[in-house]
Every structure is written in C-alpha cells, then in structure tokens.
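# No sequence on hand, only this structure:
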C-alpha cells in the first residue's frame, strides 16, 4: 500500500534591526504603517530562524505550528491571514494546472527553531514570520518575488516584511487602502557595504515592557509629538538614510540611526501613559557610544534600540578594535565575544560609573554583521514521514 | 561724626514647580521662551529663599552677593541685567525727586539663604532671582507691580518670573522682540484652590545632568519633534491647564500635568545628543503614581519632573491618606515626613519591584502645598551697620 505523500520545504530567515523605525499603524488589521522604515538584515550565521513547512493529506489534526519545541496557537488573525494569502496563491496555480497536487487543501505542519536564546529578548517575530512565509511559498512553489511575498509576511508582523531580503531593506509605507503597495524592497545588497557590523548588548530586563503592537497604537492615539514624526521627521530620515547607505557614508548613517532611535523612544515617552523601553543600562550604553565617538574624534559607532532595553551598536569592520575592544574591555566576562576582539591600542577607557552600570546590566553580547536574505535549507524539522523532529 | 547710612530690605520668595513646562528660548539673551508656561507656587513654610538687599556709600567693594554663606560671582550677564534694570528704575525715581537718597549709585550688598538643603537638588534659581529682584525693588521703593518686576526676574532666570506671585501663575511667552510682554501673571490665587498639595520625592542622582540652560538650546537646535511641541502641544496644554485650575478640576489638572512632563522629557530625549533627566527611580515613581490612580479608581495623583530625576507628586488634601500614605508605606525610613501621613485603610500596596527601586533611590521627601508669593521679612541677613550676618 502506497503511503500518503508528505510535501515539505525548509528555509532559514534572518533578523533585521531597523535604523529608521517602524512605530505606528495606519491600519491595524493589515499592518499598514504610518511611515516607511529601513533596516539592516543581520547575518544568519549568528541569528536565524530555521523553518520547515510541510503538508499532507495524512495530517489529520489541522494546521499546526511548533516554535522552539512548543506547540503554538495558529488561530490568531495574523497567522491566519498569512495562511489564507499563501493558500489563495497556491490555489490559483492549481486551478491552471490539473496535474499539480492539491497542496492548498492540505493541513500545514510547520516547525520552526531559532538559533539564538529566546532569553536574549530579541524580537524574533520578524525572522519567524519571514521564514514561515518563505517556507510555505517554497512548499507551494509560488513564483512570487520577495517583494510580493513581503506583503504576506507584513500581515503576520509588520517588520517581518523586511526579513525577506538581505542587505539594506526599505519598507515602503505605501498609500493604498488595501496595502498592496506597502512592501519591502532591497535598496542595496549586503555586498554593497559588506563591512557593516553589529554588536548587540543584551540587557537583562527585570520585566517585559509594553508589547510593541499595543504600544504603537497607544502612541498613535495619545502622543502630541507623534504627528510631527509622521509628517516630517521619519520621511526626512528615510531620505537621508537611503542616501547614506548608497554612498556608504557611515558618519551620516550613524547620525540618522541615533536620531531615529531617539525620536522613536521620545514618542514612546510622549505616549499616555508613557512607554519606557530604555533603562539606566540602555542610557549608559548611549553614553558609552558617545564617549567612544568623542575619543575617536570621528563617528565610529551608532546605537539603536528597538522595543526593549538591548543596545545594537552598528560600526564598520575597520573600527572593530576601537568599538568592540572598548566594550569587551568592560564586558569581557559575559558570553558572546568572538576571537580577536581584545582591542589593544585603540581601546578607549570608559568612565568607571558608566562601566559599572554596563557590567551590572549587560548579560551577554552578540557579534554579527550585515547578511543575506532567506535561503532554502536541506535541514528539515519535519521528517519524510511527517514526524516533527526534535533537535 | 555721623555714620554713613546703610539702606536695606529683606524678602522671602517661593519655589515654583511648572505643570506646563518652560523649555526652549526664542531669545537666549533676554530669556524669552518659545512657549508660555504655568506653575504652582509652593509654600514658603517648606521651601523658600530669604534675601536681604542692602546698599550704602560705605560699601567700597562694589556689588556683592553671598549665597548660603558663600561669596558668589556677580559679573555674569544675567545678574548684571537684573542690577541694571533695577538701578535704571530707581534712577528714574531719583530724577523726579531730589530729596530721595541716591541709592542707584551705591554698591549693592546682597545676602541670600535657602531653608532647604542644596543637596535636595531642587532648582533654587527661580526662588533666588525672584527674591533678589523683589528685595532690591523693595530697597529702592519701586512702585512696579509684580507683573512688571517679573520682566526683570525673567532676565535672571526664566522661571524666576513665576516666583514673584503666589498661587497659580502663568508666564505669557509674549511676542515682542524686546520681551516687554513676556511676563508672569497670577491666574488664580492660592486661596482659589488651597487644597493643592505636593509631595516631592528627592532622588539621589549619581551625577548632575546637562544644565537646563544649555540643554534647552540643544533641543531647539536639534529636536525634530520640538517644533510640534511649540506650535501645537504646549499651547493646547496651557489652555487646558488654565481651564482646569479655574474649574478646580483635579482630574484634568493631573492629566495635563503628566502629559506635559512626558512631552518635555520626550523633547529632551529627541535632542541630539539626547538629554536624560529621568532615571530608573523616576520611572518607578511614574509607575507608582499610575498604580495609585488605578487602585483608587480615579485620578488622585499627578507626577511631574523638572530638569532632574526628582518626582513632584501633586494631589489634593482629601486624598492625602491614599497618596502620601502609599508612598510613606515604602519610604517611611527617609527624612521629611510630617505627622499624620501613615495612610491607614486607603494605603495602596505597591508592587515589590517598584517599591524596591523607590526605597533604593529616594533619599528624602518634602511635603508641601500651594502657597503665597514673596513677602517682606524683618529677618535681615545684613546688619544695620552693613555687616553680613551668618546664621
């Protein structure tokens, strides 16, 4: 007796960290943003999600998702929107070719794992939804470009659309009500400016803050300053940042990155009740970056913070000993350092108060770099017979 | 031989804490603000400056100022502007009456003392300049109203103009280039809403932050969001706050007070490089006020922060046991509590994490209330013979 076939496809997808921030939706159901944003895709050697999408008529338990070994609810509107969009595209293919297997009618079994600890507090939803959409699209053999798939990933999590490409990625806000022009596009590949590096200072937060989904809509509803961010500030920063990336102008890249982070967190603070993501450790990291730039006599490092206290420090490879060396000098005891980051002569001595706060509050670091977009993987988290694989 | 006469006058002046904030100058020399502001004058029973202004032909050492027992430089442009304005007004009087002693030509000897520890980190320049201007005006027998004198005090320190009156005081930004319409006016006396109380949580800051004079001009120069504060936010809050004070509407007073504080600190954070006055203790105080209001089921407390981490909590007398009781429950060990603030049944149990941060970071409290403006004093810090008196 022939066994019922199991179809599967696996992909990896990267984390991205925005340098022009996404904060605020003009349409909460479609995840349409109030402003365009821009991110750097980070290397999957250090941070990635691996996802296997499979489907089979033998999967009797309906659609399912396993995240880091834990069964996860798939009834939410966001993930349902992704499934629906992807099935609709597959169904269209099937309608044109009667020989294609009817994958769109089968239950999906999806298994996904991150290669970084959840405890790191890094927003994994971007990589997660990008990998899910990419894996199902590959499973379904969809011909859609990454740009078109980014519209689907956006429904899952706004910033996920930017994780469908490598390098330097813009998410165009668009202005259509149906959101079909609200999509990601690569403005430069990783190879355009491959020297870009990121040092992530993972800050042990006592408590999880306000979720970004809830927080950004409170900002839209209550911040008196936010209208200015939307009407003027973010668009000017988008234009300046695209220019800086194209010109590989780190000085301008750094300045816009830092001002954008500040503008975003200022709007959080101007929310009522106020939202705080930065804590005293985050502030010490900002002061440390300022001290490094002051001592270097030029801009060699830029800080940015997402919806949490972790500091992402961007720098370029040639300044590694100054930037990484200085931080490893005070944080040498935590995990995550790679070889050859001792710094040496160009290490800057941080003020002892600042160093003390960093030592007390940073629990680990992650050293990474600009990287590529999702890629097919032959490592599968669902076996040929459909069994979920533990690793 | 007749001794050379010494003329003197003494006054006290209060501290004020703004509920619509002053941040940003449109003219740095004249201390003309970018927006109108509004403050509550605090009781001099708890916080006041006592200043004696004296002058005599026998004072051979030129103008001098002694602050809290320390000789203080008087060559700065701000204090010189005050002296010059006051002397000009006195000279005008002398020109019309040949019998008046020529005080405008004599050296000024000014001695000033605060009744609160400098270590409290409370901005004392407002009370200090208000007392200086009021004392010299009294010494010179100037007929000018407090409004007109507020123009002089403004030259010394912007917010000083609001300390020339009691109760609820507006500083109208004005639009004249010479600043003659940029002055303070009382919008309601203390007696209009005498139940207003303030609990000040003095936070031990590791280090003094950016001075407000330097900071506010960095904000004007670099913050992309600040234009919105000036064009729209602050003026709307001024109108709402005046209405709230007139109607004795604590709910609205509190909401505008908290949103104003947040808007101001958001603009500080949006400054480049960013300015931080709030620290983790300040944030715990904000969360504590939110928790108290949530537990009370109505708004009984409002936080506001000036250019430092200290939290000023406004409340009205009937809610003292809820507001003060809750804070004294976790901060009972520090100095500054008055009798009868144990709270009892209406005390709210704060989350232990929050309580821990407050206990660690609050070094003392000050309990005070809305109060009156400057008043003449017969306590003199310069003796009849011109000697400075130590106390």
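That came in fine, so what should we check first? None of the values given here were measured: they were computed from a predicted structure.
# mind listing the helices for the stretch 251-391 of chain A?
Chain-ordered helices for the stretch 251-391 of chain A, with DSSP state H, counting those that start in this stretch as the definition, fall at A:280-296, A:320-331, A:352-361.
# Now tabulate those in TSV and tack on mean neighbour count, mean pLDDT and distance to residue B:150.
The C-beta positions use only the backbone N, C-alpha and C, and glycine is treated the same way. Formatted as TSV, the entries for the helices of the stretch 251-391 of chain A read as follows, by neighbours: other Cβ atoms under 10 Å in any protein chain shown; pLDDT from 0 to 100; distance: least, Cβ to Cβ, whole Å:
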stretch	mean neighbour count	mean pLDDT	distance to residue B:150
helix A:280-296	21	97	36
helix A:320-331	22	95	49
helix A:352-361	16	94	40
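# In terms of helix, strand or coil, where does residue A:233 fall?
Reducing the assignment to helix, strand or coil with DSSP: H, G, I helix; E, B strand; the rest coil, the entry for residue A:233 is helix.
# Not counting sequence-adjacent ones, nearest residue to it?
The shortest distance from residue A:233 to any residue that is not its chain neighbour, by Cβ to Cβ, 6 or more residues apart in numbering or on different chains, is 3.9 Å, and that residue is residue B:224.
# still on that earlier bit, closest to residue B:356 out of the helices of the stretch 251-391 of chain A?
Ranking these by their distance to residue B:356 (criterion: Cβ to Cβ) puts helix A:280-296 first, at 14.3 Å.
# pretty sure residue A:234 contacts residue A:33?
No. No contact is recorded between residue A:234 and residue A:33 when judged using Cβ atoms under 8 Å, the distance being 9.5 Å.
# Number of residues surrounding residue A:235?
15 (other Cβ atoms under 10 Å in any protein chain shown).
# which residues sit in contact with it?
By Cβ atoms under 8 Å, 6 or more residues apart in numbering or on different chains, the contact list for residue A:235 reads A:35, A:36.
# From residue A:244, how far out is it?
As judged by Cβ to Cβ, to the nearest Å, residue A:235 and residue A:244 stand 15 Å apart.
# And for residue A:106?
Distance of residue A:106 to residue A:244, computed by Cβ to Cβ: 46 Å.
# Could you list the contact residues of chain A toward chain B?
On the criterion Cβ under 8 Å from any Cβ of the partner chain, chain B has as its neighbours in chain A the residues A:206-207, A:222-225, A:227-229, A:232-233, A:236, A:255, A:258-259, A:262-263, A:265-267, A:269-274, A:276, A:279-280, A:283, A:286, A:290, A:353.
# Can you flag the buried ones in those?
Listed as buried from the residues of chain A next to chain B are A:223-225, A:227-229, A:233, A:255, A:258-259, A:262-263, A:265-267, A:269-274, A:276, A:279-280, A:283, A:286, A:290; burial here means 16 or more other Cβ atoms under 10 Å in any protein chain shown.
# Give the burial count for the closest residue to residue A:250 other than its chain neighbours, as a bare number.
Of all residues beyond its chain neighbours, the one nearest residue A:250 is residue A:316 (5.5 Å), with distances taken as Cβ to Cβ, 6+ apart. Each residue near residue A:316 was counted by other Cβ under 10 Å, and the total is 20.
# Wait, residue A:316 touches residue A:196, no?
Yes. A contact is recorded between residue A:316 and residue A:196 when judged using Cβ under 8 Å, the distance being 6.1 Å.
# Now do the contacts for the residue nearest to residue A:250.
Contact analysis of residue A:316 by Cβ under 8 Å, 6+ apart lists A:195, A:196, A:197, A:250, A:300.
# how far away is residue A:106 from chain B?
Here residue A:106 is placed at a distance of 48 Å from chain B (Cβ to the nearest Cβ, to the nearest Å).
# And residue A:59, by the same measure?
Counting by Cβ to the nearest Cβ, the gap from residue A:59 to chain B is 45 Å.
# burial count for the closest residue to that residue other than its chain neighbours?
Excluding its sequence neighbours, the residue lying closest to residue A:59 (Cβ to Cβ, 6+ apart) is residue A:107, at 3.9 Å. Neighbourhood size, residue A:107 [other Cβ under 10 Å]: 15.
# Great, nothing more from me.
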